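Undergrad: this one's sequence-less:
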């Protein structure tokens, strides 16, 4: 029997994980249809997107307010569908402030809810776990330390493993990638990762590019490369690349091929820090939001680190430059140390390697897809 599934991913990382989940579910049973909120990767996987996730990907209180009209319209669209033509299952991917409200609508309509990629309730706003217990039928979590957290609150939970373990792999050899990107293998390469949200680009791109200019003064032969997130266009980043003193190679897609040719990376906080860790590349993490957002968040956050790679490691593996510390001079100093202190860089790579072991053995998307079919009561369809 055909099953309709609503799936919601509000940003680029969710679009990636959602696409892999959908591919695995359809591989197991083709008599499924997916629709909801997503980006290009989910569309490519066969999801009908009613709203593009790039319009939803904002961070911080002020930023959410400025995008409130778009987010509200998206919510009303999905709410109307759930009430008038309910899907057989609702899959929520991270994006908690939007998704937990939608889960309440689904609960009231009798639609079962699978939450994949847990909100970071263990990091801040811990009280939300009680709301999750009321509204969500099952959690599919990607970090092992999340299981006891939810079990303690009586939330049905399954550790499926992190899907990035399967997907974070280059498609070319380092020498092939260097040739494709026009890089000189004899020169140091620094990756610039300004984020996947337009708000991040606005807040941090100028800082990252100023740091790159400072690095060029210290290392005249250094070369820079910037992978463009699937949620952005070249027009989004172009205004920040107008400096005549800086040549930055902008690469669409191929993010892991870009990572593997980098000697060091400057990156915003987010899933990309975990991807970089899995690739074993030394990095510095920067993070800056509006003063109001930061003041509120500082009171609510219950973990010692901002970077998810450091959170998973349980220690400060890579440096985090937060808010006022996210300045070009500090960024430059950390990248310069990575480029010149071989022992420092080697130790960081070794500690990054330990993170992979904590994320499962692979197959996370397939296990999550198995939960989808279990909740639908659907068996194997035509392959």
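TA: Good, I have the coordinates. All values derive from a computational prediction rather than experimental measurement. Numbering: from 1, shown residues only.

Undergrad: state the mean pLDDT of the longest helix belonging to the chain.
TA: In the chain, with assignment by DSSP state H, the single longest helix is helix 198-218. The average of the pLDDT scores along helix 198-218 is 87.

Undergrad: next secondary structure after it?
TA: strand 223-228 (DSSP states H and E).

Undergrad: buried stuff in the helix or strand just after that following strand?
TA: Beyond strand 223-228 on the C-terminal side, the first helix or strand identified by DSSP H and E is helix 234-237. Residues of helix 234-237 classed as buried by neighbour count (16 or more other Cβ atoms under 10 Å): 236, 237. Using the backbone N, CA and C atoms, a C-beta is placed for each residue, glycine as well.

Undergrad: before we move on, back to that, just how off-centre is the longest helix of the chain within its chain?
TA: Offset of helix 198-218 from its chain centre (Cα atoms, centre = their mean, to the nearest Å): 20 Å.

Undergrad: try stretch 69-76
TA: Remark: stretch 69-76 is offset 22 Å from the chain centroid, using Cα atoms, centre = their mean.

Undergrad: residues contacting residue 214?
TA: Counting by Cβ atoms under 8 Å, 6 or more residues apart in numbering, residue 214 touches 328, 329, 332.

Undergrad: who wins for neighbours among those residues?
TA: Most neighbours among those, by other Cβ atoms under 10 Å: residue 332, with 22 neighbours.

Undergrad: distance-wise, check that residue relative to residue 227.
TA: In this view, residue 332 and residue 227 are 21 Å apart by Cβ to Cβ, to the nearest Å.

Undergrad: same deal with residue 73?
TA: Distance, residue 73 to residue 227, by Cβ to Cβ: 31 Å.

Undergrad: more neighbours: these two, which one.
TA: The neighbour comparison of residue 73 against residue 227 (other Cβ under 10 Å) goes to residue 227, with 23 against 11.

Undergrad: quick one: the strands in the chain, in order.
TA: Along the chain, the stretches classed as strands by DSSP state E are 3-9, 32-38, 48-52, 89-93, 113-116, 138-141, 157-159, 189-193, 223-228, 248-252, 264-268, 283-287, 319-322.

Undergrad: okay, residue 124: pLDDT?
TA: For residue 124, pLDDT reads 57.

Undergrad: does residue 166 touch residue 362 like I think?
TA: Yes. At 5.0 Å, residue 166 counts as touching residue 362 under the criterion of Cβ atoms under 8 Å.

Undergrad: any idea how far residue 47 is from residue 190?
TA: Applying Cβ to Cβ, the value for residue 47 to residue 190 is 35 Å.

Undergrad: er, residue 337 actually
TA: Shown here: residue 337 relative to residue 190, a distance of 13 Å by Cβ to Cβ.
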